[in-house]
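Chemist: Only the shape, not the letters, is given here:
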């Protein structure tokens, strides 16, 4: 019976949906996390009677036909890049992007990765790094004698050192944007890599060419909405239960058929 296989695809799809939702909920407090959404597609159809086929010698045609669906599959898991709320931290090295763009990070393999997580710090050489110690690009070094660090909305990094009344510029933070941010490949650790689907990065100064601006002393919170996720979880659970009910019903029908044969 086709209903058994169709309902099984529905259960598998809703299981995937629950896994995506659970990952969103697990990352509610992850800095810069962007929630994901599972999207589904119907499977191939079995055509029993073709719509538009001639149904009599007088030339009448079938208006709708008969097509039986084979179920559902997960078409994609889409990343939603809406802005997360800015959370004040008081750390002078924390930066939040208000708008479009990604920080650029140099990984140990030599690749450039991209992140929205701006909870930075400095390493033993005074270089601005991520939580994992990866260098922010372009590289920025803070002098050991610096008493204050200021990052402007446009990404200009200035420090105050004893004996110098005017702030000294030590670097410029640049952001990267992509034509299709949803096409970036998530690597874990709040990092993304460029793919053929995302397109090449376009870098620039914050606040220019559609890029967002920076806010010092803040980080961007996850854009996960707990109420929405719990509601989606309930809907997915009910859909899973209904598909399992279809399997039970189809099994009962097959049992009745077998009894008739015996």
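Modeler: That came in fine, so what should we check first? It should be emphasised that the depicted structure is a prediction, and the values quoted were computed from it without experimental measurement.
Chemist: Does residue 20 lie in a helix or a strand, and which?
Modeler: Secondary structure here is read from DSSP states H and E; on that basis residue 20 sits in helix 2-26.
Chemist: quick one: whichever helix or strand comes after that helix to helix 2-26, angle?
Modeler: On the C-terminal side of helix 2-26, the nearest following helix or strand under DSSP H and E is strand 36-42. Counting by axes from the mean of the first three to the mean of the last three C-alpha atoms, to 10 degrees, strand 36-42 points 170 degrees away from the direction of helix 2-26.
Chemist: before we move on, the earlier item: tell me what the helix holding residue 20 is packed against?
Modeler: Applying 3 or more C-beta pairs under 8 Å, 6 or more residues apart in numbering; DSSP states H and E, one finds that helix 2-26 makes contact with strand 36-42, strand 72-79, helix 226-261. C-beta: built from backbone N, CA, C; applies to glycine.
Chemist: And for the closest residue to residue 99 other than its chain neighbours, the neighbour number?
Modeler: Closest residue to residue 99 in three dimensions, ignoring its sequence neighbours and counting by C-beta to C-beta, 6 or more residues apart in numbering: residue 212, at 2.3 Å. Around residue 212 sit 20 other residues, with neighbours defined as other C-beta atoms under 10 Å.
Chemist: Mean pLDDT per element in this structure, and the minimum belongs to which helix or strand?
Modeler: Every helix and strand of the chain was ranked by mean pLDDT, DSSP states H and E. The lowest is strand 45-49, at a mean of 85.
Chemist: Hmm, residue 153 is touching residue 211, no?
Modeler: No: the pair residue 153 / residue 211 is not scored as a contact, 11.0 Å apart, by C-beta atoms under 8 Å.
Chemist: Could you pull up the contacting residues of the residue nearest the centre of the chain?
Modeler: Within the chain, the residue whose C-alpha comes closest to the C-alpha centroid is residue 79; the distance, by C-alpha atoms, centre = their mean, is 2.8 Å. If a contact means C-beta atoms under 8 Å, 6 or more residues apart in numbering, then residue 79 has 34-36, 181-182, 184, 186 as its contacts.
Chemist: what's the answer for residue 189, then?
Modeler: Residue 189 touches 131-132, counting by C-beta under 8 Å, 6+ apart.
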